[in-house]
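1. What shape does this take:
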Amino acid sequence: MGVSNRVLVRAKYRTRLYLAQNNTCYLCEKKMRHPNGDRRNRNPPHNKATVDHVFPRSRGGYGMIGNVLLACSSCNHEKGDRMPTPEELAYLLHINRLMRIDPIHIVDPDILEGMTAYLEMELDLGSFPIT
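-> Residues are numbered from 1 along each chain as shown. Down below sits the predicted model:
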């Protein structure tokens with residue numbers, strides 16, 4: 001009996017995200033331990049990387065790869081179901097571009113569309129691709 005493909009894909013994705021984020025928490029910018037466990041590192045950073053839904057699922061965020069970043073366990077717990085700041089959203093979009101993930105997999109389009117004007121004004125990024 002083998003490990004399901006779903007578990008393997010999730011582990012591979014967490015590793016890709018860990019590397020894309022340079023093993024750094026997107027909230028406090030401190031180094032994190034690998035989310036899948038890293039037996040090679042004898043002196044890992046204190047906080048383990050955990051998967052954070054940037055747009056909380058309880059507030060319309062999707063449970064898909066385009067809506068997750070790695071955060072240390074303490075920051076993830078502290079953030080709770082808070083909506084992302086413009087800077088956090090910009091970082092999510094940056095990581096999604098690096099990993100070639102379509103932004104449609106972040107949040108319900110109606111919610112994202114409602115935030116677009118505010119984000120464009122705050123971040124001066126031009127228009128966000130919503131379609």
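2. At which residues are the strands of this protein located?
-> Counting by DSSP state E, the chain has these strands, from start to end: 49-53, 68-72.
3. Select, out of those, the one closest to Gln21.
-> Closest to Gln21 of these, according to Cβ to Cβ: strand 68-72, at 5.6 Å. In short, each C-beta sits where N, CA and C put it, glycine included.
4. Restricting to C-alpha, output that closest one in PDB.
-> C-alpha atoms of strand 68-72 as PDB (Å, rounded to 0.1, in the frame of the first residue of the first chain):
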ATOM      1  CA  VAL A  68      -1.100  29.600  -0.100                       C
ATOM      2  CA  LEU A  69       2.200  30.700   1.200                       C
ATOM      3  CA  LEU A  70       4.400  29.400   3.900                       C
ATOM      4  CA  ALA A  71       4.400  31.100   7.300                       C
ATOM      5  CA  CYS A  72       6.100  30.100  10.500                       C
END
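5. what's next to that strand, contact-wise?
-> If you take Cβ atoms under 8 Å, 6 or more residues apart in numbering as the criterion, strand 68-72 is touched by 14, 17-18, 21, 25-28, 30, 32, 35, 47-54, 79, 91-92, 95.
6. So among those residues, which ones count as buried?
-> 14, 17-18, 21, 25-27, 32, 35, 47-54, 79, 91-92, 95 (16 or more other Cβ atoms under 10 Å).
7. before we move on, back to that, using JSON lines, please lay out the strands of the chain together with mean pLDDT and distance to Gly61.
-> Shown next, in JSON lines, are the strands of the chain (pLDDT from 0 to 100; distance: least, Cβ to Cβ, whole Å):
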{"stretch": "strand 49-53", "mean pLDDT": "90", "distance to Gly61": "5"}
{"stretch": "strand 68-72", "mean pLDDT": "92", "distance to Gly61": "9"}
